[in-house]
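> just coords:
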């Protein structure tokens with residue numbers, strides 16, 4: 001019990017410091033803090049990898065974009081879900097995060113993951129390629145959120161879906177109304193909503 005409380009205390013302190021530092025400029029989760037985002041949040045099931053993947057309704061053979069993949073918390077289960085005939089493209093601005101994802105993929109004997117070191121909104125993604133895209137507590141870290149959403153919009157196939165997950169504990173938390181407004185401006189339409197105002201997953205469709 002004491003270990004759990006100590007861990008919670010450390011997480012709270014780090015979150016507060018990170019949130020204060022992020023007021024001046026957007027700061028992605030540092031590589032040395034990757035352990036923090038590798039864990040499923042114990043306070044809400046909305047952000048748990050299994051729940052997010054379940055909502056995606058992934059089929060074998062799909063192409064999925066993990067935009068801002070971090071240490072691969074979602075990349076690995078999604079790669080398993082799409083199977084050997086599918087593909088996951090893991091994108092992150094930090095090479096250290098991609099390295100951690102590669103290590104996990106090797107340990108899991110997964111060979112259907114491609115890696116791209118790039119910032120979102122820089123037009124590095126192939127158009128009309130993906131059936132699904134993920135942005136899990138990522139959008140607020142991107143300096144130009146509209147450009148990032150526009151790039152993901154064009155990377156999806158018509159009828160493809162973007163899943164955006166946000167939780168209030170994240171220093172860069174984006175409210176539901178903000179995400180809907182930004183996504184609508186680039187052409188997305190709302191498809192589904194899971195959770196509540198402080199911890200949610202929003203599905204957005206490219207018409």
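Cool, the structure landed. Worth saying up front: this structure is predicted, and the values here are computed from it rather than measured. Residues are numbered from 1 along each chain as shown.

> Please identify the helix or strand for residue 152.
Following DSSP states H and E, the helix or strand that holds residue 152 is helix 145-155.

> following that helix, which helix or strand comes up?
Using DSSP H and E, the helix or strand that follows helix 145-155 towards the C-terminus is strand 156-167.

> counting contacts, what elements does that next one pack onto?
Applying 3 or more CB pairs under 8 Å, 6 or more residues apart in numbering; DSSP states H and E, we find strand 156-167 packed against helix 49-56, strand 130-136, helix 145-155, helix 176-185, strand 199-205. Backbone N, C-alpha and C define where each C-beta goes, glycine included.

> Same question for it: list its buried residues.
Going by neighbour count (16 or more other CB atoms under 10 Å), the buried part of strand 156-167 is 156, 160-167.

> Relative to the whole chain's centre, how far out is stretch 142-158?
Distance of stretch 142-158 from its chain centroid, counting by CA atoms, centre = their mean, to the nearest Å, is 13 Å.

> quick one: average pLDDT of that stretch?
For stretch 142-158, mean pLDDT rounds to 97.

> Same check on stretch 109-129?
Stretch 109-129 comes out with an average pLDDT of 97.

> Just the pLDDT for the closest residue to residue 68 other than its chain neighbours.
Using CB to CB, 6 or more residues apart in numbering and skipping residues adjacent in sequence, the residue nearest residue 68 is residue 138, 3.2 Å away. At residue 138, the model reports a pLDDT of 95.
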